[in-house]
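1. pasted the sequence and its predicted model underneath.
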Amino acid sequence: MRKLTVIFLLSIPAIALSGAGSKAVGTAVQERIIVGMATDANGLGDGSFNDGVYAGLKKAEDEGLIEIRLIEPASMTDYVPNLSGLAEDGAELIFAVGFLFYDALLEVAPNYPDTMFAGIDLFYDSPMPPSNVLGINWKEHESGYLAGVVAGLMTREYANRSDKLNDENVIGAVLGMDIPPVERYFVGFTEGAKSVNSDIEVLSVVTGTFTDQAKGKEATIALAEQGADIVIQFAGLTGMGIFTAAQEKNILVMGADVDQNHFAPEYTLTSAMKGTTQATYLTTLDFIDGNFKGGGNAVFGLAEDAVGLAPFHDFDFVVPSEVIDAVEQARSDIISGAVDIPQTRDDAGI
Amino acid sequence: MNVFIELLNAEFLIASVRLATPIILASIGATICDRSGIVNIGMEGMMLMGAFFAAWAAWKFANPWFGVLVGMLAGGLFALFHAWATVSLHLNHVVSGAVINILGFGITRYLLELFFGHPGTSEIIPHSLAEYRFAIPLLSRIPLLGPVLFNRTPIVYMMYVVVILFVWITRKTRLGLHIKAAGEHPIVLETLGISVKKIRYIAVILSGILCGLGGAYLSIENGNSFSEGMTAGRGFIALGANIAGGWTVVGSLIASFFFGMVDALALRIQVLGVFRVPSEIFLIFPYVAALLAVAGLVRKSRAPRALGEDFQIERSGT
């Protein structure tokens, strides 16, 4: 009886963690290229990577270019079978969403040499992936740079345009774990701010977590106490804390990854975004045109319209046209190559 | 030296109180549970349940006070599961506690999808308890301590009440005596005609209610939404605080506040950038502090004698 109880107790989390069961959806249209999509455990409806990739594929499907085969895992152990299943189902290109697919892709891809695999947010360098695997990444430093331009100008030159801005030439950033995409965002942000405001002070806190709202809030408050009146977050769910901190300290904040304005519309100046939709759509087009090249990584940035700044929303009348012009200038300088943004602290010397 | 003077201001102490509050609540919960003889390592899971249901109720009914109530209830009900597993089914306490933690994370994540339709973060609650911050007249005018302790938000005040209440319960009441007896000599208690089972159930559920309140603090007072895994290890820090505090309410309070201070300090030193060292050093601050505190203080304290021991009375027919 006791043993049974233990088994019962231990089985509950497995069921609870699994979320929605596996399901495959597809529409039967003949003679279209079948493109598979394997979501991570969050599945569709995560308001983030999964939804973004699906929207990109949907766009291609609506244009009559492809047919989508979608599969959502019950748990992480389904990653490998899901990928294999899609390949055997006749998918010619398969999108695997999220960095947890790193090993699963390397395991499955060699078995299906005729199928191409695209790993969203996966970066392969050593060893390089098989020739049918492509890692898809973003130039976070480019959207960080644009956010930095806005923050750098607003905190000093246009500080009189909002009662939430102070006289001090200080801005801040709350970082999650110090992983490469976070570092790229932060370095870009710092460089962008310095490009328009050379003696600005950019403070930062590494919280070491992507889930701790309370710590994100305290980090923001600590930054505000040192005079930061614009704080940006590159910290996932930890970054949720900056919105409550903004209300408490009456400062402005910026979101990351997607437009986070709705979390605190009166305090959110803009967000530094990276878009999966456009990157997925472009990758699919490349595949159709026969330009898909595996064995390495593809990086999407401003030039592809895959990263950028969110609208200012309520701050449309606060942000002066000079700032918007400066952002446009920076955007075209980055695209033309006139501005080269470093991607690591070492390169940037900060 | 100036740097340290700059650090030790009222703002720093306020941040310490904010960071310590959920830990204090959970560690007092752990204390009360452990004193009854039931090991509780499931605070993390119970806090998560409290945090989730508090945010859900505060959002659904647009009333944060209702959120507090539902959060405490959820923590208590979830703890009932631990009580049932350990007291009635005689399951190993640590195993059950581990299940509570895993389950707490899994269930809240699952319900987040079910109730809000997406993982990650819940909707923003319309009103948070932070709106109900108020200064206690007279007390809040005490220099330094006044603004730090007596110009705070509701759950922080509730935490003060909890501390006083539980010091009183453990020291002055019959229930407190019974709880302590259940953890030291359960057989004596049983022979006096008092059900050890009942006392332990009460203690475990009380601990769940306190954890639920701690979780509610995170989601509807300090924050304004629930996000996956938002307790971020505070339940485990509370476990350390309870042990470092020598299984006493006041000890837990002091140890938890110490951990809150270390957390606040680590963030501030990083912001000031006085030491040019890798940020990882600051991240391990609270854990090193917990380790040192437990290692340094635990020898002087003694765990309840019957802690973790199963209590079973043979009765015919059961």
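-> Yep, that arrived. Numbers count the residues shown, from 1 in each chain, chains lettered A, B, ... in the order given.
2. residues of the stretch 201-318 of chain B that sit close to chain A?
-> Residues of the stretch 201-318 of chain B lying close to chain A (C-beta under 8 Å from any C-beta of the partner chain) are B:218, B:222-225, B:227-230, B:232, B:263-264, B:267-268, B:270-273, B:279-280, B:282-283. Using the backbone N, CA and C atoms, a C-beta is placed for each residue, glycine as well.
3. tell me which entries of those lie within strands.
-> Among those, no residue falls in strands (DSSP state E).
4. buried ones among these?
-> B:218, B:222-225, B:227-230, B:232, B:263-264, B:267-268, B:270-271, B:279, B:282-283 (16 or more other C-beta atoms under 10 Å in any protein chain shown).
5. hang on, residue A:335 packs against residue A:303?
-> Yes. Counting by C-beta atoms under 8 Å, residue A:335 touches residue A:303, with 4.8 Å between them.
6. and the stretch 251-350 of chain A, which of its residues are near chain B?
-> A:262-264.
7. so which of these is the most crowded?
-> residue A:263 (22 neighbours; other C-beta atoms under 10 Å in any protein chain shown).
8. identify the residue nearest that one in space, chain neighbours excluded?
-> residue A:243 (4.4 Å; C-beta to C-beta, 6 or more residues apart in numbering or on different chains).
9. got it, and residue B:229?
-> In space, residue B:229 is closest to residue A:211, 4.0 Å off (C-beta to C-beta, 6+ apart).
10. can you pull the contacts of the one you found?
-> A:236-238, B:227-230, B:232 (C-beta atoms under 8 Å, 6 or more residues apart in numbering or on different chains).
11. would you format the residues you listed as CSV with distance to residue A:98 and pLDDT included?
-> Output for the contacts of residue A:211, formatted as CSV (distance: C-beta to C-beta, whole Å; pLDDT from 0 to 100):
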residue, distance to residue A:98, pLDDT
A:236, 13, 87
A:237, 15, 87
A:238, 18, 91
B:227, 18, 91
B:228, 15, 88
B:229, 17, 90
B:230, 21, 93
B:232, 21, 91
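12. which of the residues you listed lies closest to residue B:247?
-> Of all those, residue B:232 has the smallest distance to residue B:247: 24.6 Å, by C-beta to C-beta.
13. in contact with the nearest residue to that closest one once chain neighbours are set aside, which residues?
-> Excluding the flanking residues, the one nearest residue B:232 by C-beta to C-beta, 6+ apart is residue A:212, at 3.6 Å. By C-beta under 8 Å, 6+ apart, the contact set of residue A:212 is A:237-238, A:241, B:230, B:232.
14. cool, residue B:204 as well?
-> B:33, B:36, B:38, B:40, B:79-80, B:82-83, B:86-87.
15. same question for residue B:178.
-> Per C-beta under 8 Å, 6+ apart, neighbours of residue B:178: B:189, B:194, B:199.
16. please tell me how far the residue of the stretch 1-150 of chain B found nearest chain A sits from residue B:45.
-> Nearest to chain A in the stretch 1-150 of chain B, going by C-beta to the nearest C-beta, is residue B:106, at a distance of 3.5 Å. Residue B:106 is 9 Å from residue B:45, where distance means C-beta to C-beta, to the nearest Å.
17. cool, residue A:123 as well?
-> Counting by C-beta to C-beta, the gap from residue A:123 to residue B:45 is 34 Å.
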